[in-house]
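Participant: Sharing a model that was predicted from the sequence below.
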Amino acid sequence: MSNPVFLALDVPQLETGKALVEKVKAHIGGVKLGLEFFCAHGAHGVHEIAHTGLPIFLDLKLHDIPNTVAGAMQAIHMLEPAVVTVHASGGRAMMEDAKAAAADGTKVVGVTMLTSLDEKDLARTGVGGSPHDQVMRLAELAHDAGLDGIVCSGQEVKAVHKQWKDGFFVVPGLRPGGKATGDQKRVVTPRQARDDGASVLVVGRPISRADDPVAAARAIEATL
């Protein structure tokens, strides 16, 4: 895609969110609608944002037994998302069923490890090794399950891209200054992520909470 930047639109007011998208849409390539947005606004909200003409990335991180995830995938066909996420830790059978149930033209990507987690967080959940090790394990599982790609931090995308040449890689937690802020622990700049093989760059607060969102989006676009 010509502009890989997807604006993460997790805002409580639908009209505010739609107005923001309209304002910055010349400088982004799509919109990511996450759990907060979907729970607040549902299918109606997705349709409203889709009316802006930009591709929709539905970041629901589905994670359940295979049959339930397949049913959820079928239920969102009408929303025509360009990208949908499932949790890679749900296992191979779940990912296979998710991909099989997805609409034609919808990319299904597996979330490997949230960018809010680090090695200590992994250990507390009983997972040994580094974040890099965990991402590589789950990337291989997602590939074997037939998914289109994965979600990972910018710190792992280069290694994953080396092993999965034609994969579709979504990188969130990006910060123009490259410094970790808020609940994001493993961050890089949008330029670095793109250079390392990212297909989609998810940017939220650096644009949505900027004093001038248009200038912020334009500045990020200019680095690419």
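Facilitator: Structure received.

Participant: Looking at this protein, which helix is longest?
Facilitator: helix 35-50 (DSSP state H).

Participant: contact partners of that helix?
Facilitator: Helix 35-50 is contacted from outside by 9-12, 14, 17-18, 21, 31, 33, 56, 58-61, 78-81, using C-beta atoms under 8 Å, 6 or more residues apart in numbering. Bear in mind the C-beta positions are built from the backbone N, C-alpha and C, glycine included.

Participant: Kindly report the same for stretch 15-26.
Facilitator: Stretch 15-26 has contacts (C-beta under 8 Å, 6+ apart) with 7, 9, 11, 28, 31, 37, 45, 48-49, 51-54, 207-208, 213-214, 217.

Participant: Report the residue spans of this protein with pLDDT below the cut-off.
Facilitator: 1, 177-186 (pLDDT under 70).

Participant: From A100, how far out is the spatially most central residue of it?
Facilitator: Geometric centre of the chain, nearest residue: V170, 5.2 Å, by C-alpha atoms, centre = their mean. As for V170, its distance to A100 is 21 Å (criterion: C-beta to C-beta, to the nearest Å).

Participant: Grab the longest strand from the protein for me.
Facilitator: Using DSSP state E to define each element, the chain has its longest strand at strand 56-62.

Participant: quick one: that one to helix 35-50, angle?
Facilitator: 150 degrees (axes from the mean of the first three to the mean of the last three C-alpha atoms, to 10 degrees).
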